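Visitor: kindly generate the corresponding structure for this input.
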Amino acid sequence: MRSPAASLLAVAHTNAIERRRLGLSMVLGFGAVAAACGLMITSGYLISRAAQRPEILTLTTAIVGVRAFAIARAVLRYGERLSSHDAALRLLGRTRAMFYRRLAPLVPGEVGGGDLLSRFVGDVDTLQDLYLRALAPPVVAALVICAAAVTAALIVPAAGPVVFVSFLLAATIVPAVAAALSVASGHRQAPARAALTSELVEAIDGAAELAVAGRCTERIERLGVADAQLAAVARSDGLAAGASTALGSLAGGLCVIAVLLVAIPAVHAGTLAGVMCASLAFLALAAFEALTPLPIAARRLRACAVAAGRLTELTDREPAVCDPSTPLPVPCDGDLVLDDVSLRYGAEDAPWVLEHASLRLRSGRSVALLGASGAGKTTLAGLLVRFRDPDAGTVTIGGTDVRTVAQDDLRRAVVLAAQDAHIFNSSLRQNVLLARHDASEDELWRALSAAGAADWVGGLPDGLDTQLGENGELVSGGERQRIALARALLTHARFLVLDEPTAHLDADTAAAVMHDITASARERGVLVITHGDIGLERFDEVLELRDGKLQALAVAGV
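Guide: A predicted model of the protein is given here:
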């Protein structure tokens with residue numbers, strides 16, 4: 001497992017535009033603090049000098065300076081916020097895309113649930129603070145400390161070292177204490193938030209089942225416990241933040257006192273004009289503005305390290321399958337073949353899910369695959385589209401091992417319509433067109449007709465523009481299944497692997513769908529995974545998977 005520093009380095013990549021924006025924001029941030037210091041110095045002088053009641057014309061320069069510094073401070077601060085947030089949002093978008101690309105090979109079946117959601121949303125959002133709130137403030141503070149020390153030395157030579165040392169101590173000790181106070185909550189907060197998110201996702205997804213089973217109260221209590229744990233961690237973090245803020249204010253006051261202890265004797269000695277004493281104190285007060293974000297920066301840096309560690313722990317996992325360095329093209333013809341394939345999950349002594357299984361799928365032929373739940377039918381389907389590789393044996397298409405071709409190319413030639421195919425929160429049209437966005441209206445309706453959904457869709461008030469809701473919650477299970485089937489039938493794939501395409505359908509509709517599926521085999525090879533016996537006589541071959549082995553079944557009419 002990577003160290004926090006290594007995890008941060010793994011994700012702390014910027015492009016040229018982001019570097020320019022971040023550099024500009026640091027320069028503008030320094031300029032804003034410098035303008036604030038100029039404003040306070042000039043104001044201190046103006047107030048002190050005005051108390052002596054001089055001619056008003058003698059104060060004109062100081063008055064103009066106050067206005068100029070005030071306007072410059074506002075403009076520079078606005079520019080700093082604009083450039084820093086532009087860089088942070090650019091970085092956030094690119095980081096999210098980068099982690100999505102790393103995450104995609106781990107799907108399906110490798111990751112999921114509320115913890116994934118928490119990492120992909122919360123932890124990536126946390127990383128936007130890496131440059132904006134964790135790394136930029138120390139750079140600005142270092143520049144301000146040096147500039148403030150030089151300015152103080154020009155006013156009173158002895159004040160320069162005092163400002164430098166006092167500011168340096170405040171810039172190191174206060175953030176270190178803040179980081180130490182927040183270390184425990186920083187490590188606990190992300191897992192606690194992930195646990196609460198997981199509970200919420202499960203409660204929302206299973207709300208109907210919980211209500212039917214009468215377990216809502218129990219689930220609410222579990223949510224309450226998870227929420228209380230997160231709240232306790234958040235309170236701990238809040239106490240640490242409050243303590244570090246108080247410590248920072250105390251350090252700022254001590255720095256001003258230290259400067260006054262040098263300035264007041266200088267006034268008595270006649271080496272410093274009395275009107276400049278307030279200016280020197282205000283300089284220290286204004287310059288300390290650059291040190292105020294440092295405790296927050298220390299806490300955000302630790303939070304970013306924890307978030308980066310959780311993300312790299314996820315994305316450093318080895319995917320089940322990888323593309324070859326030089327992929328071969330997928331042959332334009334030939335059969336899809338499982339040849340003497342064996343596969344098991346877990347340890348070497350685990351039982352075989354598939355053992356010496358062989359299957360040949362030809363274009364123009366349809367094959368039905370039967371088997372009990374848990375027999376390994378879905379695993380076999382996953383091998384055909386290379387969701388994983390067999391432990392022994394080969395899977396070939398047109399005589400070419402699927403491990404030597406690119407996964408995307410293979411999955412354009414072999415399409416799997418899973419039993420739990422996802423329905424997106426969009427229109428029915430967009431859900432079906434996911435398979436082929438350039439399909440014509442006629443092709444779309446033919447696919448719906450072959451899936452037994454044309455009459456149903458035609459009877460909807462909004463037709464193809466009907467919204468399906470999140471995860472298809474506005475349609476029934478059978479309608480969801482037909483949408484997924486239509487999506488597969490719309491593709492130009494040479495082979496279709498359909499996992500339980502007639503689930504949730506009544507007998508008549510299931511028989512009609514089986515008829516249309518087998519009819520489509522005139523153009524391509526079709527493998528249908530099913531539990532039932534409806535329409536089996538229409539298939540060219542019927543196989544059963546039992547105890548990890550495939551065997552042919554004799555079915556009347558086949």
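
Visitor: from now on I want contacts and neighbour counts done on CA atoms only, so please keep to that.
Guide: Fine.

Visitor: what pLDDT, on average, does the host helix or strand of residue 485 get?
Guide: Here residue 485 is covered by helix 477-489, with elements defined by DSSP states H and E. When pLDDT is averaged along helix 477-489, the result is 85.

Visitor: pLDDT score for residue 201?
Guide: 77.

Visitor: for residue 315, see how far away it is.
Guide: Here the criterion is CA to CA, to the nearest Å. By it, residue 201 lies 22 Å from residue 315.

Visitor: still on that earlier bit, which element follows the helix holding residue 485 toward the C-terminus?
Guide: That would be, after helix 477-489 and using DSSP H and E, strand 495-499.

Visitor: what helices or strands is that next one leaning on?
Guide: The contact analysis (3 or more CA pairs under 8 Å, 6 or more residues apart in numbering; DSSP states H and E) places strand 495-499 against helix 377-384, strand 414-417, helix 477-489, strand 525-529.

Visitor: adding distance to residue 240 and mean neighbour count, write the ones you listed out as CSV.
Guide: Below are the helices and strands packed on strand 495-499 laid out as CSV (distance: least, CA to CA, whole Å; neighbours: other CA atoms under 10 Å):
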stretch, distance to residue 240, mean neighbour count
helix 377-384, 50, 21
strand 414-417, 52, 23
helix 477-489, 50, 25
strand 525-529, 58, 26
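
Visitor: same list (those) but as JSON lines, adding distance to residue 224.
Guide: Shown next, in JSON lines, are the helices and strands packed on strand 495-499 (distance: least, CA to CA, whole Å):
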{"stretch": "helix 377-384", "distance to residue 224": "37"}
{"stretch": "strand 414-417", "distance to residue 224": "39"}
{"stretch": "helix 477-489", "distance to residue 224": "32"}
{"stretch": "strand 525-529", "distance to residue 224": "42"}
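
Visitor: out of these, which is closest to residue 218?
Guide: The closest of the helices and strands packed on strand 495-499 to residue 218 is helix 477-489. By CA to CA, the value is 27.4 Å.

Visitor: what's the helix or strand harbouring residue 358 packed up against?
Guide: Per DSSP H and E, residue 358 falls inside strand 354-361. Here strand 354-361 touches strand 336-343, strand 525-529, strand 549-552, going by 3+ CA pairs under 8 Å, 6+ apart.

Visitor: highest mean neighbour count out of the ones you listed?
Guide: Mean neighbour count (mean count of other CA atoms under 10 Å) peaks for strand 525-529 among the helices and strands packed on strand 354-361, with a mean of 26.

Visitor: next, the angle strand 495-499 makes with it.
Guide: Counting by axes from the mean of the first three to the mean of the last three CA atoms, to 10 degrees, strand 525-529 lies at 10 degrees to strand 495-499.

Visitor: who does strand 525-529 pair up with?
Guide: strand 366-370 (parallel), strand 495-499 (parallel) (DSSP bridges).

Visitor: quick one: mean pLDDT for it?
Guide: On average, the pLDDT along strand 525-529 is 91.

Visitor: can you name the element that comes right after it?
Guide: That would be, after strand 525-529 and using DSSP H and E, strand 541-546.

Visitor: which helices and strands does that following strand pack with?
Guide: Where contact means 3+ CA pairs under 8 Å, 6+ apart, strand 541-546 is packed against strand 366-370, strand 549-552.

Visitor: how about the ones you listed, which one is nearest residue 510?
Guide: Evaluated over the helices and strands packed on strand 541-546, closeness to residue 510 peaks at strand 366-370, with 14.0 Å, by CA to CA.

Visitor: in that closest one, what counts as buried?
Guide: If you call a residue buried by 16 or more other CA atoms under 10 Å, then strand 366-370 has these buried ones: 366, 367, 368, 369, 370.

Visitor: contacts for stretch 295-302 next, please.
Guide: For stretch 295-302, contacts defined as CA atoms under 8 Å, 6 or more residues apart in numbering pick out 129-130, 133-135, 137-138, 174-176, 178-179, 182-183, 186, 241, 244-245, 248.
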